[in-house]
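Novice: give me a model of this one.
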Amino acid sequence: MHLLTFRTSDGDTLPGRLADPGTAEASLTGALRSGDAASTVFSVHPITVDGVTDVGDLLRHDDWRDLASGRAGEPVEITGADIAPVIPRPGKILCTGLNYADHITEMGHELPDVPTLFAKFADALTGPFDRVTVPAANAGALDFEGELAVVIGRHVPLGGAPDTATAEDAIAGYAVFDDFTMRDLQYRTAQWLQGKNLASASGFGPWLTTTDDFDPGEATLVTRVNGVRKQHALTRELVFDPAALVRFITTFIDLHPGDVIATGTSGGVGWARSPREMLADGDTVTIEISGLGGISNRVEVR
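Specialist: The predicted model follows:
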């Protein structure tokens, strides 16, 4: 299944299921190349469950798969601009730093023995095709980080994922993520928090592709800036794969339905290039992962 959160005409949101994922992905691929993803039309079955306003709410029901397939209404047409972050308010967003060998090398670090994690807040998320507005004072070193995102589908208590099979079973699905970064703020201190949490800057979506429809070890990630390829990676090159991250994280904290793990970016980020290639007003960052679709966010400096 392909599940998304979409904005309704009355200002609320609802979860939905793509009516025809194959057609939607093909349409989106063409739209990402032509730069009009926000106006692309998608056919979606709204999912109507009391108290459920987005995919995150849906995942908190143990029978979310049945609800998604059994309570979907007649299809409606929405545009890319109507699509919200697939999980608008995750309880936790755990980001992984330095998880592709080429990126670790380009940033001057050694391969880690355990994952490097930091927090991103829900306020930092934005829709997959929304514009990213950056205050001019914060625009000195803006960077892109195309990533595979993992979405948790059930509660995993502390110590509750002791093996790979259990960890994989906890994953609801995957989506595309931009760990949008202000490098000058990131490296102002030893802690990365301030550089990773610009409000409404990290595109997330366009939909959640469930585990039965996506293999995280067989995908290709490509990031483009203004149509020019900057990152290209195979997800199997992750130092710590999704299951390994779930296993590690649950050695010190619970995971809950709707929690998000961003698995880290590959080589090719603007900061590591010579000369550096920072994002500027008017630049568009497009990130695609084969089998998951893509996101595209235009930067506006104000």
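Novice: so where does residue 162 fall, helix or strand?
Specialist: Following DSSP states H and E, one finds residue 162 outside all helices and strands.
Novice: surely it touches residue 247?
Specialist: Yes. Between residue 162 and residue 247 there is a contact at 7.3 Å, judged by CB atoms under 8 Å. In this view, the C-beta of every residue, glycine as well, is placed from N, C-alpha and C.
Novice: between these two, who's got more neighbours?
Specialist: Neighbour count, other CB atoms under 10 Å: between residue 162 and residue 247, residue 247 has more, with 23 against 11.
Novice: ok, the spatially closest residue to residue 183 that is not a sequence neighbour - contacts?
Specialist: With CB to CB, 6 or more residues apart in numbering as the criterion, residue 183 has its nearest non-adjacent residue at 3.8 Å, and that residue is residue 141. Neighbouring residues of residue 141 by CB atoms under 8 Å, 6 or more residues apart in numbering: 182-185, 271, 276, 278.
Novice: if we go to 6 Å?
Specialist: For residue 141, the contacting residues are 183-184, 278, by CB atoms under 6 Å, 6 or more residues apart in numbering.
Novice: and if you look at residue 209?
Specialist: Residue 209 neighbours (CB under 6 Å, 6+ apart): 2, 173-174, 292.
Novice: next, give phi and psi for residue 66.
Specialist: phi -70, psi -40 (degrees, to the nearest 10).
Novice: for residue 177, the count of nearby residues, please.
Specialist: 32.
Novice: actually, residue 129.
Specialist: Around residue 129 there are 27 residues (other CB under 10 Å).
Novice: residues of stretch 126-143 that come out buried?
Specialist: 126-130, 132, 134, 138-139, 141-143 (16 or more other CB atoms under 10 Å).
Novice: pick the one among those closest to residue 267.
Specialist: Taking CB to CB as the measure, residue 267 lies nearest residue 143 of those, at 12.8 Å.
Novice: distance-wise, check the closest one relative to residue 136.
Specialist: Using CB to CB, to the nearest Å, residue 143 is found at 17 Å from residue 136.
Novice: what do you get for residue 288?
Specialist: Residue 288 is 30 Å from residue 136, by CB to CB.
Novice: what of residue 234?
Specialist: Residue 234 sits at a distance of 37 Å from residue 136 (criterion: CB to CB).
Novice: quick check: chain neighbours aside, which residue is closest to residue 46?
Specialist: Per CB to CB, 6+ apart, closest to residue 46 is residue 73, 4.7 Å.
Novice: and residue 120, by the same measure?
Specialist: residue 93 (4.2 Å).
Novice: mind pulling the model confidence for the one you found?
Specialist: pLDDT, residue 93: 98.
Novice: which stretches of the stretch 51-200 of the chain form helices?
Specialist: Ranges of helices within the stretch 51-200 of the chain are 55-59, 64-70, 101-106, 164-169, 183-186, based on DSSP state H, counting those that start in this stretch.
Novice: residue 96 and residue 238, how far apart?
Specialist: For residue 96 relative to residue 238 (CB to CB), the value is 9 Å.
Novice: between the two, point out the one with more neighbours.
Specialist: residue 96 (27 against 21).
Novice: I'd say that one and residue 261 touch.
Specialist: No. Applying CB atoms under 6 Å, one finds residue 96 not in contact with residue 261, separated by 7.0 Å.
Novice: okay, the contacts of residue 141 in CSV with neighbour count next?
Specialist: Output for these, formatted as CSV (neighbours: other CB atoms under 10 Å):
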residue, neighbour count
183, 19
184, 17
278, 18
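Novice: with respect to residue 104, which of those residues is nearest?
Specialist: Nearest member of the contacts of residue 141 to residue 104, counting by CB to CB, is residue 183, at 16.5 Å.
Novice: excluding chain neighbours, what is closest to the most centrally placed residue in the chain?
Specialist: With distances taken as CA atoms, centre = their mean, residue 177 lies nearest the centre of the chain, 2.5 Å away. In space, and not counting its chain neighbours, residue 177 is closest to residue 149: 3.8 Å by CB to CB, 6+ apart.
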